[in-house]
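>>> quick one, structure for this:
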Amino acid sequence: MSKTIIVAGSLLLAGAFLTSTGCTPTVSQAQRSNITQRMTGAQIPLAKCYADLLSTTPAAAGNVAVAFRIQPNTGRFTNVKMNRTQINDPAFNKCVLAVVSDLHMSPAPSFIIDVVEYPIGFKPVTAK
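All right, here's what the predicted structure looks like:
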């Protein structure tokens, strides 16, 4: 019996702001897709976080919601924080935050993008 992760995410973007002018540029659909691709690409390291949790808490499951900022010119995901979690394990939550903190968007935006909530679901699946 092996357990794997199901990671599901959706993206709600807050206003994206130019830091110098205060103007509000529009986040394009391509940029939204790019962010989703980066988060989807993080499934393997997120699965490792979850596998570590399942080794000590086999029934652990639930949703977490992270928020982060994407920096202009570099595309780095910064200011990553846990908005809410149904999995109250400090080591797991720290691991999830570290994984998201290692991401970057390419091509990088020319303005700051604030992602106010990106939910991720974790559920053990028993292989048949």
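>>> how about the host helix or strand of residue 92: buried residues?
In this assignment (DSSP states H and E), residue 92 forms part of helix 90-101. Buried residues in helix 90-101, defined by neighbour count with 16 or more other CB atoms under 10 Å: 92-93, 95-97, 99-101. (C-beta placed from N, C-alpha, C; glycine too.)
>>> what does stretch 99-119 give?
Quick answer for stretch 99-119 (16+ other CB under 10 Å): 99-101, 103, 105, 108-109, 111-113, 115, 118.
>>> what about that stretch, how long is it end to end?
Terminal residues of stretch 99-119 lie 14 Å apart, using CA to CA, to the nearest Å.
>>> run the chain-centre distance for it.
9 Å (CA atoms, centre = their mean, to the nearest Å).
>>> quick check: mean pLDDT of that stretch?
The average pLDDT within stretch 99-119 is 92.
>>> circling back: greatest separation within the buried residues of stretch 99-119: which pair is it?
Of all pairs drawn from the buried residues of stretch 99-119, the greatest distance, 24.6 Å, lies between 99 and 111 (CB to CB).
>>> adjacent strands (with direction) for the helix or strand residue 66 falls within?
Here residue 66, judged by DSSP H and E, is contained in strand 62-70. Sheet pairing for strand 62-70, assigned by DSSP bridges, gives strand 77-85 (antiparallel), strand 112-122 (antiparallel).
>>> angle of the last one against helix 90-101?
It stands for strand 112-122. 140 degrees (axes from the mean of the first three to the mean of the last three CA atoms, to 10 degrees).
>>> likewise for the first one?
Here strand 77-85 runs at 140 degrees with respect to helix 90-101, directions being taken by the same axes, to 10 degrees.
>>> which parts of strand 77-85 are buried?
77, 80, 85.
>>> how many neighbours does residue 51 have?
Residues lying near residue 51 (other CB atoms under 10 Å) number 14.
>>> list phi and psi for it.
phi -60, psi -40 (degrees, to the nearest 10).
>>> quick one: it from residue 58, how far?
Residue 51 is 11 Å from residue 58, where distance means CB to CB, to the nearest Å.
>>> which of the buried residues of stretch 99-119 sits closest to residue 124?
Residue 124 has its nearest neighbour among the buried residues of stretch 99-119 in residue 99, at 18.5 Å by CB to CB.
>>> thanks again, I'm all set now.
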